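return atomic coordinates for the entry below.
(one chain, ligands or ions: 1)
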Amino acid sequence: MPTMDPPRLGEPFLLTPGPLTTSFAVKQAMLRDWGSWDDDFRGLTAELRARLLEMIGPGWEAFDCVPMQGSGSFCVEAMLGSLVPRDGKVLVLVNGAYGHRAARTLDYLGRNHVLLDKGDYLPPRGSEVARMLAADPAITHVFAVHCETSSGILNPIAEIAGAVARAGRKLLIDSMSAFGALPLLAGEVPFEAFVSSANKCIEGVPGFGFVIARKQALQAAKGNSHSLCLDLHDQWVHLEKTGQWRFTPPTHSVAAFLEALHAHQAEGGVAGRAARYDRNRDTLVAEMRARGFETLLRDEWLSSIIVTFFCPADPRFSFGTFYSAMKARGFIIYPGKLTVADSFRIGCIGQLDHVVMGRVAEAAEEALAEMGVISAAPPAAALNEREKLAA
Ligand SMILES: *Cc1c(COP(=O)(O)O)cnc(C)c1O
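Predicted coordinates:
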């Protein structure tokens, strides 16, 4: 069993999909200043790039890892602006906020795109992607979200990747909330590039993200970018030449991330982390259902990253009061992001284990009692909607 290293300073657990609860050792790694130009820091950057690349398994030699300052969205923008040529066209697979954000980014970049929009929580399927690609030969790239964090749905990325590869197009993946806890292997899922960030499943702190892309794609990206700061090609060339980031790197975040990468390996890599997060989700879902709460998604689509629950129908329930009652018990939860029904989300990632998840469900029960809510059952309309759409 992995040894947990939970918050020690009376902080609440962050049941949010990043920033998330980090270990004491990760926080401690930030108690030192680094010269960005110095060899010691260049060593951290080199190790970070090498360790992340190794995580995509056999075939990694054809890829490179380019870290980029900023939050995850900065890296999505860097990937889209650098790897999609100005005359390219992107099919964006949408089933939540992050797919919409990518489409909006392409609007800003002036890149031609079309959407396959599945609404709040249905997965885009390989057959649908194949049909759209066959009908539109101008599409050069497909953008897919691995785990759509707005509902927690685990999209069928291998199925989508197969359809894209068979149609001879290129796949760009937002694996922000999945990489490190869900396998993404170059040998199994054909992709051109994907992006993730420091403060999700590797359990580091915010400050940067990274793009893992085919070297060929990075080479071909020269001159594509609309932005100097977000030019992936330029950042890559500079890293290769000097071992340094182009502009001020988030030195403390990088040092913390190295500590997080060592802990990830000690836990058994992706498989070890996945096992802990799976158990977190299984415990959370079972304990919440036992208290009458309902999940938005059927079991088949539930990720081990974050779970969406319907708000109870009882008129005495209010999310604001529920949030405060959970916080008073040491848990920061997350509001829902659905258009069809009121919901809230509970993250399963970060330095927490199934024991903590059991306590979360107990806290939810106490919070309902405090509000005078008798049943956690959602409105019948929410459940009907779910069944109708899932049919
Ligand atoms: C967290 C996340 C992002 C990036 O969000 P930032 O707030 O910019 O870090 C993008 N896509 C998904 C799926 C995410 O979960």
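
from here on, just use CA atoms for contacts and neighbour counts.
Fine.

immediately after the helix or strand containing His233, which helix or strand?
Following DSSP states H and E, the helix or strand that holds His233 is helix 232-242. Helices and strands here follow DSSP H and E; after helix 232-242, the next one along the chain is helix 251-266.

tell me the contacts of the residue nearest to the spatial centre of the chain?
Closest to where the C-alpha atoms of the chain average out (CA atoms, centre = their mean) is Ser177, at 1.3 Å. Taking CA atoms under 8 Å, 6 or more residues apart in numbering, we find Ser177 in contact with 17, 146-149, 196, 200-201, 305.

now do Ala377
292-294, 311-314.

and the furthest pair within those residues?
Within these, Glu294 and Asp314 form the most distant pair, 13.6 Å apart (CA to CA).

overlap in contacts of those two?
Going by CA under 8 Å, 6+ apart, residues that sit against Glu294 and also against Asp314 are 377-378.

between these two, who's got more neighbours?
Glu294 (22 against 15; other CA atoms under 10 Å).

do I have it right that that one meets Phe309?
Yes - using CA atoms under 8 Å, Glu294 is in contact with Phe309, at 5.7 Å.

follow-up on the earlier one: list the contacts of the helix holding His233.
Helix 232-242 is contacted by residues 66, 68, 78-79, 82, 218-219, 221-222, 225, 228, 244-246 when judged by CA under 8 Å, 6+ apart.

and the ligand, which of these contact it?
With CA under 6 Å from any ligand atom as the criterion, those include none near the ligand.

buried among these? Make that a PyMOL selection.
Buried members of these, defined by 16 or more other CA atoms under 10 Å, are picked up in PyMOL with:
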select buried, resi 66+68+78+79+82+218+221+222+225+244+245+246
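
adding pLDDT and secondary structure, write the contacts of helix 232-242 out as JSON lines.
JSON lines is the format used below for those (pLDDT from 0 to 100; DSSP: H, G, I helix; E, B strand; the rest coil):
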{"residue": "Val66", "pLDDT": "98", "secondary structure": "strand"}
{"residue": "Met68", "pLDDT": "98", "secondary structure": "strand"}
{"residue": "Ala78", "pLDDT": "98", "secondary structure": "helix"}
{"residue": "Met79", "pLDDT": "98", "secondary structure": "helix"}
{"residue": "Ser82", "pLDDT": "98", "secondary structure": "helix"}
{"residue": "Leu218", "pLDDT": "98", "secondary structure": "helix"}
{"residue": "Gln219", "pLDDT": "98", "secondary structure": "helix"}
{"residue": "Ala221", "pLDDT": "98", "secondary structure": "coil"}
{"residue": "Lys222", "pLDDT": "98", "secondary structure": "coil"}
{"residue": "Ser225", "pLDDT": "98", "secondary structure": "coil"}
{"residue": "Leu228", "pLDDT": "98", "secondary structure": "coil"}
{"residue": "Gln244", "pLDDT": "97", "secondary structure": "coil"}
{"residue": "Trp245", "pLDDT": "98", "secondary structure": "coil"}
{"residue": "Arg246", "pLDDT": "97", "secondary structure": "coil"}
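
distance of Asn112 relative to the ligand?
Plainly put, Asn112 is 20 Å away from the ligand if you go by CA to the nearest ligand atom, to the nearest Å.

whoops, I mixed them up, Ser151
10 Å.

how about the contacts made by that residue?
96, 120-121, 296, 306-308, 336-338, 345.

one more time with 6 Å, if that's ok
By CA atoms under 6 Å, 6 or more residues apart in numbering, the residues touching Ser151 are Thr308.

interface residues of the stretch 51-200 of the chain facing the ligand?
Counting by CA under 6 Å from any ligand atom, the residues of the stretch 51-200 of the chain that sit close to the ligand are 71-73, 98, 145, 147-149, 174, 176-177.

repeat that for 5 Å
Within the stretch 51-200 of the chain, the positions near the ligand by CA under 5 Å from any ligand atom are 71-73, 148-149, 176-177.

let's have those in a markdown table, adding secondary structure and pLDDT.
Shown next, in a markdown table, are these (DSSP: H, G, I helix; E, B strand; the rest coil; pLDDT from 0 to 100):
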| residue | secondary structure | pLDDT |
| --- | --- | --- |
| Ser71 | coil | 98 |
| Gly72 | helix | 98 |
| Ser73 | helix | 98 |
| Glu148 | strand | 96 |
| Thr149 | coil | 95 |
| Met176 | coil | 98 |
| Ser177 | coil | 97 |
